[in-house]
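S.K.: Pasting a predicted model and its sequence here:
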Amino acid sequence: MSMRSGFRSWPVVRQLTSADPMGRGTAVRSARTAAITPRTKTADRMVKSICPYCAVGCGQRVYVKGERVVQIEGDPDSPVSRGRLCPKGSASEQLVNNPNRVTTVKYRRPYGTDWEDLPLERAMEMIAERVLDTRERTWQDVDDKGQALHRTMGIASLGGATLDNEENYLIKKLFTAIGVVQVENQARI
């Protein structure tokens with residue numbers, strides 16, 4: 001590369017000698033920048049979704065290549081967020097792609113110091129047994145005056161904002177059906 005071609009390749013020189021005197025287009029674009037392909041261009045499809053973190057319900061565009069999420073951006077068609085996402089919503093791609101994401105059921109025995117992996121089926125059985133046992137032990141059918149209660153005060157639920165609206169709806173229905181009165185979500189606290 002000669003000294004002259006090197007000098008002409010400087011962005012300020014390209015800006016002053018091209019049709020882009022304001023330096024807002026091709027005059028300031030480097031070869032490296034021109035070679036970059038946006039992740040959204042490599043996606044096979046785009047799926048509209050809702051951010052799972054809080055109760056606002058910002059719209060998201062989830063770009064998928066094969067079976068992998070490659071990018072998540074705000075959905076400009078969303079009347080709630082108009083294409084904007086907070087930093088947490090913008091990073092929600094990490095929910096599925098983070099290499100440190102725990103993908104197994106972890107269990108620590110009473111008085112134990114280490115976590116161990118459990119098969120999902122066993123963990124579900126343990127939870128069901130404990131819920132049914134607690135419900136049975138703490139069930140209140142009627143109060144002192146004989147008025148129907150049909151509830152348990154031995155179980156409470158505090159949902160998290162990483163659950164979507166549908167999951168929270170189903171959790172509320174399940175716990176109400178088994179007589180749980182204290183059902184809450186962190187978004188309301």
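M.R.: Great, that's in hand. Bear in mind that the values here come from a model prediction, so they are computed numbers and not experimental data.

S.K.: Just the element for D141, please.
M.R.: In this assignment (DSSP states H and E), D141 forms part of strand 139-142.

S.K.: Pairing partners for that strand, with directions?
M.R.: strand 148-159 (antiparallel) (DSSP bridges).

S.K.: how about the partner strand: buried residues?
M.R.: By 16 or more other Cβ atoms under 10 Å, the buried positions in strand 148-159 come out as 151-152, 154-155, 157, 159. C-beta: built from backbone N, CA, C; applies to glycine.

S.K.: Show the average pLDDT along the strand holding D141.
M.R.: The pLDDT scores in strand 139-142 average 96.

S.K.: now stretch 20-40
M.R.: 79.

S.K.: Span of it from start to end?
M.R.: Terminal residues of stretch 20-40 lie 27 Å apart, using Cα to Cα, to the nearest Å.

S.K.: now swap in stretch 105-115 and tell me
M.R.: From its first residue to its last, stretch 105-115 covers 10 Å (Cα to Cα).

S.K.: What residues does the residue nearest to T26 when sequence neighbours are not counted make contact with?
M.R.: Closest residue to T26 apart from its sequence neighbours, by Cβ to Cβ, 6 or more residues apart in numbering: D20 at 5.6 Å. Contacts for D20 (Cβ atoms under 8 Å, 6 or more residues apart in numbering) come out as 14, 26-28.

S.K.: how much space between D20 and T33?
M.R.: 14 Å (Cβ to Cβ, to the nearest Å).

S.K.: again, but for E125
M.R.: 55 Å.

S.K.: Of the contacts of D20, which is the most crowded?
M.R.: Greatest neighbour count in those, by other Cβ atoms under 10 Å, goes to A27: 18 neighbours.

S.K.: What is the three-state secondary structure of V70?
M.R.: Here V70 is recorded as strand under DSSP: H, G, I helix; E, B strand; the rest coil.

S.K.: Over to S78?
M.R.: Assignment for S78 (three-state DSSP): coil.

S.K.: OK, contacts around N100?
M.R.: Here N100 is in contact with no residue (Cβ under 8 Å, 6+ apart).

S.K.: Check M22 too.
M.R.: M22 touches Q15, counting by Cβ under 8 Å, 6+ apart.

S.K.: next one: phi and psi at G66?
M.R.: phi 70, psi -120 (degrees, to the nearest 10).

S.K.: pretty sure it is touching A43, no?
M.R.: No - contact criterion Cβ atoms under 8 Å: G66 and A43 do not qualify, at 9.5 Å.

S.K.: And those two? Which one has more around it.
M.R.: More crowded of G66 and A43, by other Cβ under 10 Å: A43, with 19 against 8.

S.K.: For that one, which non-adjacent residue is closest in space?
M.R.: Y63 is the one closest to A43 (Cβ to Cβ, 6+ apart), at 3.7 Å.
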